[in-house]
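Undergrad: How does the following fold in three dimensions:
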Amino acid sequence: MRGYLTLTAADYARAAEQRINAARAILEMFGRFDALLMPTLIGEAVTLDTNLSTRFGGSRGASVLGPLAGVPCLSVPMGFGPHGLPLGLSITGDLSCENTILQIGMTYQRETDWHRRRPPP
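TA: Numbering: from 1, shown residues only. Predicted coordinates:
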């Protein structure tokens, strides 16, 4: 977190511009697709004692798309990784597609049982 204290106004302005450009690109995708499905994280969930700043190294997967573009995003369980920790499926949609995203999530959970399973102790 201390790295953020050294950001200049110019750094902030560049980051804000990059966020706007990324959000625009994400929104353009929904002209062709109803939803985007991909892993919520790059890899499986982390344990409570994991240092998140070193674990992700800037690669958080689809979990950033919704907040970045301001669009609805839902994550549902989709299995377990090699260490027995949960994996998530991120379902992201356009600005007015909350019902579509929820319907996809409900259909996925009706057809699978990952949301009923628990990781081993």
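Undergrad: Just the pLDDT at Met29, thanks.
TA: Met29 carries a pLDDT value of 88.
Undergrad: Now Ala15: phi and psi?
TA: Dihedral angles phi and psi of Ala15 (degrees, to the nearest 10) take the values phi -60, psi -40.
Undergrad: Dihedrals phi and psi, the nearest residue to it once chain neighbours are set aside?
TA: Here the nearest residue to Ala15 in space, its sequence neighbours aside, is Leu7; by C-beta to C-beta, 6 or more residues apart in numbering that works out to 7.9 Å. Glycine gets a C-beta too; all of them are placed from N, C-alpha and C. For Leu7, the backbone dihedrals are phi -70, psi 140 (criterion: degrees, to the nearest 10).
Undergrad: what ranges do the strands span in this protein?
TA: Under the criterion DSSP state E, strands of the chain are mapped to 35-39, 73-80, 86-93.
Undergrad: out of these, which comes closest to Thr47?
TA: The minimum distance between Thr47 and the strands of the chain falls on strand 86-93, with 11.3 Å, by C-beta to C-beta.
Undergrad: Deepest-packed of the strands of the chain, please.
TA: The densest packing among those, expressed as mean neighbour count by mean count of other C-beta atoms under 10 Å, is seen in strand 86-93 with a mean of 22.
Undergrad: Return it as CSV; C-alpha atoms alone will do.
TA: C-alpha atoms of strand 86-93 as CSV (Å, rounded to 0.1, in the frame of the first residue of the first chain):
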residue,chain,number,x,y,z
PRO,A,86,-12.4,-23.3,-4.5
LEU,A,87,-12.5,-22.0,-8.1
GLY,A,88,-14.9,-19.4,-9.3
LEU,A,89,-16.7,-18.8,-12.6
SER,A,90,-17.2,-15.1,-13.3
ILE,A,91,-20.3,-14.1,-15.3
THR,A,92,-20.1,-10.5,-16.5
GLY,A,93,-22.7,-8.7,-18.6
